[in-house]
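J.: Okay, here's the prediction I keep looking at, along with the sequence it came from:
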Number of protein chains: 2
Amino acid sequence: MKWSISASPEINIKIQQVSDVWNHPDMLSSDGRLIFVIDRIVYDLYRDSIPIDAVIHQIDCGEIHKNLETAETVWNFFDKINLKRRETVYAIGGGVALDLVGFCCSIYRRGVPYIRIPTTLLAIVDAAVGIKTGINYQNYRNRLGSYYAPKLTLIDNKFIGTQESRHISNGLAEIIKLAVIADKHLFKLLEQDSGLLLTDKFQNNKLANQVIERAISTMLDQLKDNLWETDLRRSVDFGHSFSPTIEMQNILELLHGEAVILDCLLCCCIAYTRKYMNSVDLNRVVSLITKFNLPLYHRDFVNLSMLTKSLDEISIHRNNNQNIPLPMSIGQCRIVNDISESDLLAAISMMNQINENSLNNRD
Amino acid sequence: MKWSISASPEINIKIQQVSDVWNHPDMLSSDGRLIFVIDRIVYDLYRDSIPIDAVIHQIDCGEIHKNLETAETVWNFFDKINLKRRETVYAIGGGVALDLVGFCCSIYRRGVPYIRIPTTLLAIVDAAVGIKTGINYQNYRNRLGSYYAPKLTLIDNKFIGTQESRHISNGLAEIIKLAVIADKHLFKLLEQDSGLLLTDKFQNNKLANQVIERAISTMLDQLKDNLWETDLRRSVDFGHSFSPTIEMQNILELLHGEAVILDCLLCCCIAYTRKYMNSVDLNRVVSLITKFNLPLYHRDFVNLSMLTKSLDEISIHRNNNQNIPLPMSIGQCRIVNDISESDLLAAISMMNQINENSLNNRD
């Protein structure tokens, strides 16, 4: 005897820009409890604005805390407050907080609803778009996770205003990544006035708003037909091929966006030495990375054995395919499966040269 | 600015009866590795039949091992063997093994495919049907889990032949549950020859095959329109209202089916004292429980404070609703939300009386 049944649940992704998230109607009109799981640093910065009746659990964030131990503090909090099956949890913080709290919600009682409020530029354009959640496990990045859509994502740019410059650059790294593989117009926006974007911290200027809106739109466009990653050939994996392993090896030293942009640069070098990308476009990328105070060099990204190990690990994650996105020009890419040791050696040499030129320019 | 996107992934449930699972074409023709996560006891019983090239991880099962620690041994095994993103894992064992391995697969790399092979009567008619996975957490039953469809479920009755009698009765408990709330024909099949079902251990007799096929069909019928439990009013939750808390409190003493059947009996008593169910039907249930050597009594099921606590906990899980299925007759039920302390006291008194009668009959 055989049985066979099919079903298709519908999921919805809703992202909304708001000007004052703490006074958003959804929060004010909540007829139940307001339940917050919030990055400790965000809590400290905004404690006076947070609704006083919120039931709050603070978590330590930063990549090093994105693990089962922190997840257990969240589940224990849910147990302690008797979180009901359909009570909504607000996940508030940067990418680590959103990924981790989303993960916790996705498997607590087989799923409780949650709302995402990203508080960093990086999270606004990356973790807050799409349906991926995750935590690191045994030193592997996002080794445990789920696809789990939040009820709603609320974007409030004012949070970026209290970020340190290094963290704003960190967010810009993911925007550059997206621009290089999919959106030349976004790339031009970034080139327009990098100084303004950095100093004004995305507060009240037209260019900053355009950059964020365009980044979210382009990201959604890339994700929408492949939300569950049934296709493992993903352009948005640009910058995420070698970086996951190297970032985890340097967890206290490299921020996520820094690891990503180094990976982007390495892949641009491979693309350039393969003659996929021309020198004008490569120089535009190098120039933008420099303007946004992002790194052009890290020892592990010019270390052949580290790059080989990283490539092996990501290939397992991509079901034994490299699936490496390489840019063809600004705004276009292809996905390759034949990156060899000689490609890596040529790219390493190019990376070293770019670094030397940059040091010379600074002198 | 607002963004909104919808998507509906299709999932398929496929369950297939086979006569010799170890020689099933899917296993023999696997062009990759055969990866097994298997209950240690099943491994010991069937080690000579298991394909010699399988890559095997054994886990301790039993409710007390259904936790994060055991899950971590599974994830560590996946790491060690470099489990690829689309490599299939075989989950082989009873309900604990299927729930736990399914859970592990559902969140490892955000989901790797798996095939379920249930090896107990209970798992064949319960854990192997539907898409729920889970582990216990902090002494709460299935507090962490997911909805995650396996690629395939293979049913081979021969496994039941090596089960101890108490565990066969344990499986029959879930079948009785299903029959009482949804299938009077199944109930009649169970009444037909309880001795044969117990002694023959579901090997090669027509009645046993009919019972299993009918149980799976009825279970699927109950689940198919509510796979993600968007509706928390579920008839199949009969027997699972008071039992989750009490089972965890008596984890070394009560098997799952034993806790479930005691809960069923308690709810029949509530239904009887409310005049939903008549005495003929109540007696048929009591008689079947007795014939299958299942318990009619446990101190916690006649303990008002324990029942109240259990009711509170399940109500949180059902989003502040009791949603208790109560039988109206054999094969029909309704779901109520107004069970009071006096209902519980009346049912406790009835439970005690049933137990006394049973002891007297034995003398």
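T.: Structure's in. What do you need?

J.: any chance you could map the helices in chain A?
T.: Here chain A has its helices, by DSSP state H, at A:25-28, A:40-46, A:68-80, A:95-107, A:121-125, A:165-182, A:184-192, A:194-199, A:206-223, A:243-249, A:256-273, A:279-291, A:304-317, A:341-362.

J.: List the buried residues in the third one.
T.: The neighbour-count criterion (16 or more other CB atoms under 10 Å in any protein chain shown) identifies A:68, A:70, A:71, A:73, A:74, A:75, A:77, A:78, A:79 as the buried residues of helix A:68-80. The way it works is simple: take the backbone N, C-alpha and C, and place the C-beta from them, glycine included.

J.: Make TSV out of the helices of chain A and add distance to residue B:347 and mean pLDDT.
T.: Below are these laid out as TSV (distance: least, CB to CB, whole Å; pLDDT from 0 to 100):
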stretch	distance to residue B:347	mean pLDDT
helix A:25-28	42	78
helix A:40-46	47	97
helix A:68-80	28	98
helix A:95-107	34	98
helix A:121-125	52	98
helix A:165-182	59	98
helix A:184-192	66	98
helix A:194-199	68	94
helix A:206-223	52	97
helix A:243-249	56	97
helix A:256-273	57	98
helix A:279-291	71	98
helix A:304-317	53	97
helix A:341-362	72	95
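
J.: mind putting those in CSV, distance to residue B:37 included?
T.: Output for the helices of chain A, formatted as CSV (distance: least, CB to CB, whole Å):
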stretch, distance to residue B:37
helix A:25-28, 42
helix A:40-46, 37
helix A:68-80, 19
helix A:95-107, 19
helix A:121-125, 35
helix A:165-182, 36
helix A:184-192, 45
helix A:194-199, 50
helix A:206-223, 32
helix A:243-249, 25
helix A:256-273, 32
helix A:279-291, 45
helix A:304-317, 18
helix A:341-362, 36
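
J.: Identify whichever of the ones you listed lies nearest to residue B:119.
T.: When the helices of chain A are compared by CB to CB, helix A:95-107 sits nearest residue B:119, at 25.3 Å.

J.: quick one on the thing from earlier: any chance of the helices of chain A in TSV, with distance to chain B too?
T.: Formatted as TSV, the helices of chain A follow (distance: least, CB to the nearest CB, whole Å):
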stretch	distance to chain B
helix A:25-28	13
helix A:40-46	23
helix A:68-80	6
helix A:95-107	5
helix A:121-125	12
helix A:165-182	15
helix A:184-192	15
helix A:194-199	18
helix A:206-223	5
helix A:243-249	12
helix A:256-273	18
helix A:279-291	24
helix A:304-317	5
helix A:341-362	20
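
J.: Figure out which of the ones you listed is closest to residue B:86.
T.: Residue B:86 lies closest, by CB to CB, to one member of the helices of chain A: helix A:304-317, at 10.4 Å.

J.: What is that closest one packed up against?
T.: In this structure, helix A:304-317 makes packing contacts with helix A:243-249, helix A:341-362, judged by 3 or more CB pairs under 8 Å, 6 or more residues apart in numbering or on different chains; DSSP states H and E.

J.: Give me the residues contacting it.
T.: A:140, A:240-246, A:249, A:266, A:300-301, A:321-322, A:339, A:341, A:344-345, A:348, B:82-85, B:109 (CB atoms under 8 Å, 6 or more residues apart in numbering or on different chains).

J.: at 7 Å instead, please
T.: Applying CB atoms under 7 Å, 6 or more residues apart in numbering or on different chains, the contact partners of helix A:304-317 are A:241-242, A:244-246, A:300, A:321-322, A:339, A:344-345, A:348, B:82, B:84-85, B:109.

J.: Taking helix A:256-273 as reference, get the angle to it.
T.: 100 degrees (axes from the mean of the first three to the mean of the last three CA atoms, to 10 degrees).

J.: Closest to the centroid, which residue in chain A?
T.: In chain A, the residue lying closest to the centroid (CA atoms, centre = their mean) is residue A:126, at 3.9 Å.

J.: Name all residues that make contact with residue A:190.
T.: A:175, A:176, A:179, A:211, A:288.

J.: swap the cut-off to 8 Å and go again
T.: A:172, A:175, A:176, A:179, A:197, A:211, A:288, A:292.

J.: thinking the fifth one is in contact with residue A:208, fair?
T.: In other words, residue A:197. Yes: Residue A:197 lies in contact with residue A:208 (CB atoms under 8 Å); the separation is 5.9 Å.

J.: Which one of these two is surrounded by more residues?
T.: residue A:197 (23 against 20; other CB atoms under 10 Å in any protein chain shown).

J.: ok, so of the buried residues of helix A:68-80, who is nearest residue B:120?
T.: Nearest member of these to residue B:120, counting by CB to CB, is residue A:75, at 28.8 Å.

J.: Residue B:131 versus the closest one, what's the distance?
T.: Residue A:75 is 22 Å from residue B:131, where distance means CB to CB, to the nearest Å.

J.: Please apply the same query to residue A:190.
T.: Counting by CB to CB, the separation of residue A:190 from residue B:131 is 44 Å.

J.: repeat for residue A:180
T.: Distance from residue A:180 to residue B:131, by CB to CB: 39 Å.

J.: So for those two, which residue has more residues nearby?
T.: Per other CB under 10 Å, whichever of residue A:180 and residue B:131 has more neighbours is residue A:180, with 32 against 20.

J.: who's in contact with that one?
T.: So, once contact is read as CB under 8 Å, 6+ apart, residue A:180 ends up touching A:187, A:238, A:264, A:268, A:285, A:327, A:330, A:331, A:333.

J.: The second one contacts residue A:331, doesn't it?
T.: It stands for residue A:238. No: Residue A:238 lies out of contact with residue A:331 (CB under 8 Å); the separation is 11.8 Å.

J.: Who has more neighbours out of those two?
T.: residue A:238 (24 against 19).

J.: Test for you: state the pLDDT assigned to that one.
T.: Looking at residue A:238, its pLDDT stands at 98.

J.: Likewise for residue A:363?
T.: Predicted confidence (pLDDT) for residue A:363: 68.

J.: Residue A:30 too?
T.: 67.

J.: Ok, residue A:8 next?
T.: At residue A:8, pLDDT is 94.

J.: Around the closest residue to it other than its chain neighbours, how many other residues sit close by?
T.: Nearest residue to residue A:8, sequence neighbours excluded (CB to CB, 6 or more residues apart in numbering or on different chains): residue B:8, at 4.1 Å. As a burial measure, residue B:8 scores 10 neighbours (other CB under 10 Å).

J.: can you check residue A:28 too?
T.: Counted with other CB under 10 Å, residue A:28 comes out at 10.

J.: and it, what does it touch?
T.: residue A:51.

J.: So residue A:235 versus chain B, what's the distance?
T.: 17 Å (CB to the nearest CB, to the nearest Å).

J.: I'd assumed residue A:331 was in contact with that residue.
T.: No: judged on CB under 8 Å, residue A:235 makes no contact with residue A:331 at a distance of 10.7 Å.

J.: Now do the shared contacts for those two.
T.: With CB under 8 Å, 6+ apart as the test, residue A:235 and residue A:331 both reach A:181, A:182.

J.: gap between stretch A:62-74 and the chain center?
T.: In terms of CA atoms, centre = their mean, to the nearest Å, the centre of stretch A:62-74 is found 17 Å from the chain centre.

J.: Now do the end-to-end distance for it.
T.: 16 Å (CA to CA, to the nearest Å).

J.: most tightly surrounded among the helices and strands packed on helix A:304-317?
T.: helix A:243-249 (a mean of 22; mean count of other CB atoms under 10 Å in any protein chain shown).

J.: how deep is the closest residue to chain B within the stretch 251-363 of chain A tucked in, by neighbour count?
T.: When scored by CB to the nearest CB, the stretch 251-363 of chain A has residue A:319 as its residue closest to chain B, at 4.2 Å. By the criterion of other CB under 10 Å, residue A:319 has 14 neighbours.
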